[in-house]
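Visitor: Kindly generate the corresponding structure for this input.
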Amino acid sequence: MQFRVLTSLTILLAALGMVAGSALAQSAQVIVTPKVGYRIQYDDNLNNTKDGDVEHRLRPALQVDVNTERSKNRLEASVSLYRLHDNDNLDRTEQDYSLSSRNQLHERVRLDVNGSYETDYTINKVAEELAETTRKTGRRRFNGSTRLEFVVTERNLVGLNYGFGTTMYDRDEFVDYDVHNYSADWTYIWTERFRTRLGVGGTLYDNEYADGDGEYTDQSLTAGFEYDIDEIWTWSFTGGYVRSNTQVDRPALQVDKDGDGYIGSTRLAWDYPRSDGYVEYSRDNTVGLSGETLTRDRFRLWEKYLLSERSHLRFEALMTLAQSDGTIRDRDSVYYRLRPTYEYALDEHWTWEVGYSYELVEDRKADTSYDRNKVFMGIRWQMPDEW
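Guide: Numbers count the residues shown, from 1 in each chain. The predicted model follows:
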């Protein structure tokens, strides 16, 4: 698995290197933005330990943008250091690197390349992603994707997509896996405000158990639209049918199981002079910590309201539902989060924030739940510099 990661990373970096070389050969605008943020937070139920503690987070970061008439490229790197007053066993350092590149190769051909690599811990993100909690475990993830889009006519667009990802845990009971995504889509532009899209695609998860292997594959057919209702409101929808197969080859478990269902997403967004935001819903299939196939439903509401030129309120509501078919592990759980935040721009470089977060995780199979309250305050600095 590590060899495949290195090979994929080498290919992605080589592709990006060619793109960057082409960009730098043109007259390029280079913007370097150093950033740093500090946050202090009190959590009254730290990782479901029933203990309250104060957590400090320091996050230095660097963003580099290289733009030309034909391309937009961005590279970001950050390190997050978490330190706690009493529970120092939960201290951790996380790293995050990402790159994105959009290139107009020809007036009718565009190439997008994206990639990311991160090292983090399960106590930080698994609740939101999979609607469950677990002990502190290191995790390494790499993701890369490409999209090649052709303008066939003024009204017809064709896109080809491929994505690869790998996830590795520092605990044997959790399942490492590779994932491949491939798809093709056709977009027809009916008017300046309305377009439709048809797509076909597939996904392959290659799971590595401590005592065997497993595989999840699916094929999907989707249809959808994007509609600019007016200058303020936009609405998009995609939905379709998915056919799947789950295979497990372990000494104590042999599985070859077919299934079907639906996947999709919808999003309603608005942009008023003082308020912008969106509400969205999505449904997809993914793999859980034990290698179980999960059907995941996610709801999100995000709103930003401008109070003055310097200050604004931000509100987020999130719900994640995860259910498995019971083949490997029986799961039915839900995660909720409510998070209001107030931000104030001290000047063009410094921003101060204060906020509150409430989280709840329910395991419906075990009839158990845990919640937590967080209060936080932080300050951020950034200074873009054009070279």
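Visitor: which regions of the stretch 51-200 of the chain sit below the pLDDT cut-off?
Guide: Along the stretch 51-200 of the chain, no part satisfies pLDDT under 70.
Visitor: 90 instead, please
Guide: 51, 122-128, 131-136, 171-173 (pLDDT under 90).
Visitor: can you give me the helices for it?
Guide: 122-130 (DSSP state H, counting those that start in this stretch).
Visitor: what bridges to residue 250?
Guide: For residue 250, the beta-bridge partners under DSSP bridges are residue 253.
Visitor: Tell me the buried residues in stretch 139-157?
Guide: Residues of stretch 139-157 classed as buried: 139-149, 157 (neighbour count, 16 or more other C-beta atoms under 10 Å). Yep, even glycine has a C-beta here, placed from its N, CA and C like the rest.
Visitor: go on, stretch 256-274?
Guide: Within stretch 256-274, the residues scored as buried using 16+ other C-beta under 10 Å are 259, 263-265, 267, 269.
Visitor: Next: stretch 241-261.
Guide: By 16+ other C-beta under 10 Å, the buried positions in stretch 241-261 come out as 242, 244, 246, 248, 259.
Visitor: Need the max-distance pair from those.
Guide: Maximum pairwise distance in those, criterion C-beta to C-beta, is 19.5 Å, between 242 and 248.
Visitor: picking that back up, how about the buried residues of stretch 139-157 in CSV, adding distance to residue 345?
Guide: Shown next, in CSV, are those (distance: C-beta to C-beta, whole Å):
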residue, distance to residue 345
139, 34
140, 36
141, 33
142, 35
143, 32
144, 35
145, 34
146, 37
147, 35
148, 40
149, 37
157, 39
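Visitor: Contacts only, for residue 188.
Guide: By C-beta atoms under 8 Å, 6 or more residues apart in numbering, the contact set of residue 188 is 155-157, 195-197.
Visitor: Next: residue 194.
Guide: Contact partners of residue 194, counting by C-beta under 8 Å, 6+ apart, are 225-228.
Visitor: shouldn't residue 204 be in contact with residue 164?
Guide: No. In this structure, residue 204 is not within contact of residue 164 by C-beta atoms under 8 Å, at 9.9 Å.
Visitor: The nearest residue to residue 183 once chain neighbours are set aside: how many residues sit nearby?
Guide: With sequence-adjacent residues excluded and distances taken as C-beta to C-beta, 6 or more residues apart in numbering, residue 183 is closest to residue 201, at 3.0 Å. Residue 201: 20 surrounding residues under other C-beta atoms under 10 Å.
Visitor: does residue 201 belong to a helix or a strand, and which?
Guide: If you go by DSSP states H and E, residue 201 is part of strand 194-209.
Visitor: That strand: partners in the sheet, and parallel or antiparallel?
Guide: In the sheet, strand 194-209 lines up with strand 176-189 (antiparallel), strand 212-228 (antiparallel) (DSSP bridges).
Visitor: quick revisit: what is the nearest of the contacts of residue 188 to residue 96?
Guide: Ranked by distance to residue 96 (C-beta to C-beta), the contacts of residue 188 are led by residue 197 at 30.9 Å.
Visitor: Please name the residues that touch the closest one.
Guide: By C-beta under 8 Å, 6+ apart, the residues touching residue 197 are 185-188, 222-226, 238.
Visitor: okay, these in CSV with distance to residue 90 next?
Guide: What follows is the contacts of residue 197, written out as CSV (distance: C-beta to C-beta, whole Å):
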residue, distance to residue 90
185, 43
186, 49
187, 47
188, 52
222, 41
223, 46
224, 42
225, 46
226, 43
238, 39
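Visitor: just those residues now: which is nearest residue 81?
Guide: Nearest to residue 81 among those: residue 238, at 38.9 Å, using C-beta to C-beta.
Visitor: hang on, the closest one packs against residue 266?
Guide: Yes. Residue 238 lies in contact with residue 266 (C-beta under 8 Å); the separation is 7.4 Å.
Visitor: Please, a PyMOL command that selects the buried ones among the contacts of residue 197?
Guide: Command for PyMOL that selects the buried part of the contacts of residue 197, burial taken from 16+ other C-beta under 10 Å:
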select buried, resi 185+187+222+224+226+238
